[in-house]
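Visitor: could you look at this predicted model? Sequence included:
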Amino acid sequence: MIDYLKHMAIFARVVDEGSFRAAAKDLNLAPSRVSQTVSDLEDHLGITLLYRTTRKLALSNEGKLFYPRVVEMLRNAEMGLDELNALSVEPLGTLNVSLPAYMASSRISTILAEFVREYPRVTLSVSYTDHLVGLLENGFDLNIRMGWLEDSSMVARKLGEYQRVLVAGTEYAASRPSPKTPEDVQSWDWISYKQRNENIEFTANDETCVIAFNNYRLQVDSIDALAHLAQQNVGVTVLPWHLAEEGVTSGKLVHLLPEWTLSPLGCYAVWPDKSRRANLTLLLARFLAEKEQYYSVIPRQ
């Protein structure tokens, strides 16, 4: 069986990638060699693992039983290698990380750059997306999540908090009476973010006010688009301060109700309880937590 460990790893990669060609590209092998390797494994086991058609591959019943065992074997092997790497002078390996797209120019991205400079033998593959992505389903070792933690099976570490502000384009704000309370902007035209709850909580001194913004003129799935559209004077929206700051400073945006505070977004590093690269993942999570110990301060207007 030892002679077929590599065959099993290639079989798992074919299943993960969904085709021989995609697996071959990922492994830097010829598709014919990948296909032959899986066939050799099937001949050795005396069973069919994959049903092959011209359009797709499908696991046989035996393949469905065998695949998770192979994945577990590979995970344990990677964990063993990670433990050995932890004993070496320099950490070594690759981590797949996902972040919200609007954090591409944030402090977190700067810290990732610091991480790869400090650990030159560690490679980070970073995906920026505003859509919710699963860790195990999408092959990520660690996700950075903002404001929501729903999967209790994952390990999480809070990295910090991001302040949010209510903003509008300068011309749009000038066309409306100056608001004094959150209720004053509830009837304004809103630019909505699809992934956000429609209720916003404001706090001033000991007073709390919750408003719902249902009358949006535009709805988008990108925080960067919110920032751009707000500057086009089509409505009001909520932005992380690090994205709003430039517009406010340049005079293109107005920070509305500065005496009212919006609840900040918690920033978390999240990873599987049994990470494939446990030591490297923990190393990155600790590095992020140590560096990201700040709370964005918003100047009073």
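Guide: Nice, I can see it. Numbers count the residues shown, from 1 in each chain.

Visitor: who touches stretch 217-234?
Guide: 100-102, 130-131, 167-172, 189-195, 235-240, 243-244, 247, 252-253 (C-beta atoms under 8 Å, 6 or more residues apart in numbering). Just so you know, the C-beta spots here come from the backbone N, C-alpha and C atoms, and that holds for glycine as well.

Visitor: surely Ser35 forms part of a helix?
Guide: Yes. The assignment for Ser35 is a helix, going by DSSP: H, G, I helix; E, B strand; the rest coil.

Visitor: please name the nearest non-neighbouring residue to it.
Guide: Closest residue to Ser35 apart from its sequence neighbours, by C-beta to C-beta, 6 or more residues apart in numbering: Phe20 at 4.8 Å.

Visitor: quick one, strands of the stretch 1-150 of the chain?
Guide: For the stretch 1-150 of the chain, strands defined by DSSP state E, counting those that start in this stretch occupy the ranges 50-52, 57-59, 93-99, 122-128, 142-146.

Visitor: ok, and what's touching the fourth one?
Guide: When you say that, I think you mean strand 122-128. Against strand 122-128 from outside (C-beta under 8 Å, 6+ apart): 91-101, 103-104, 112, 115-116, 133, 140, 280, 283-284.

Visitor: now it: buried residues?
Guide: Across strand 122-128, burial judged by 16 or more other C-beta atoms under 10 Å covers Val122, Leu124.

Visitor: could you report the neighbour count for Ala227?
Guide: Ala227 has 21 neighbouring residues, counting by other C-beta atoms under 10 Å.

Visitor: revised request: answer the last question for Asn138.
Guide: If you count neighbours by other C-beta under 10 Å, Asn138 ends up with 12.

Visitor: ok, the closest residue to it other than its chain neighbours - contacts?
Guide: Leaving out its chain neighbours, the residue that sits closest to Asn138 by C-beta to C-beta, 6+ apart is Ser98, at 7.4 Å. By C-beta under 8 Å, 6+ apart, the contact list for Ser98 reads Val126, Ser127, Tyr128, Thr129, Val133, Asn138, Phe140, Leu142, Asn143, Ile144.

Visitor: so what's the third one closest to, chain neighbours aside?
Guide: Spelled out, that is Tyr128. Per C-beta to C-beta, 6+ apart, closest to Tyr128 is Ala101, 4.5 Å.

Visitor: one more: the fifth one?
Guide: Closest residue to Val133 in three dimensions, ignoring its sequence neighbours and counting by C-beta to C-beta, 6+ apart: Ser98, at 5.2 Å.

Visitor: how close does the one you found sit to Gln232?
Guide: Separation of Ser98 from Gln232 (C-beta to C-beta, to the nearest Å): 29 Å.

Visitor: any stretches of the stretch 1-150 of the chain with poor pLDDT?
Guide: In the predicted model, the stretch 1-150 of the chain carries pLDDT under 70 at residues 1-2, 54, 79-89, 135-137, 148-150.

Visitor: what ranges do the helices span in it?
Guide: 5-17, 20-27, 31-45, 61-87, 107-118, 135-138 (DSSP state H, counting those that start in this stretch).

Visitor: likewise for the stretch 201-301 of the chain?
Guide: Under DSSP H, counting those that start in this stretch, the stretch 201-301 of the chain gives helices at 223-230, 241-250, 278-291.

Visitor: ok, which of these comes nearest Arg121?
Guide: helix 278-291 (10.4 Å; C-beta to C-beta).

Visitor: tell me what that closest one is packed against?
Guide: helix 61-87, strand 93-99, helix 107-118, strand 122-128, strand 142-146, strand 154-162, strand 265-272 (3 or more C-beta pairs under 8 Å, 6 or more residues apart in numbering; DSSP states H and E).

Visitor: go through those and pick out the most buried.
Guide: Burial of the helices and strands packed on helix 278-291 is given as mean neighbour count (mean count of other C-beta atoms under 10 Å); strand 142-146 ranks first at a mean of 23.

Visitor: and the direction of it versus that of strand 265-272, what angle?
Guide: Going by axes from the mean of the first three to the mean of the last three C-alpha atoms, to 10 degrees, strand 142-146 is angled at 160 degrees with respect to strand 265-272.

Visitor: from Gly266, how far off is Tyr102?
Guide: Using C-beta to C-beta, we find Tyr102 at a distance of 15 Å from Gly266.

Visitor: correction: the previous question concerned Val248.
Guide: 23 Å.

Visitor: who wins for proximity to Arg75 among the strands of the stretch 1-150 of the chain?
Guide: When the strands of the stretch 1-150 of the chain are compared by C-beta to C-beta, strand 93-99 sits nearest Arg75, at 13.7 Å.
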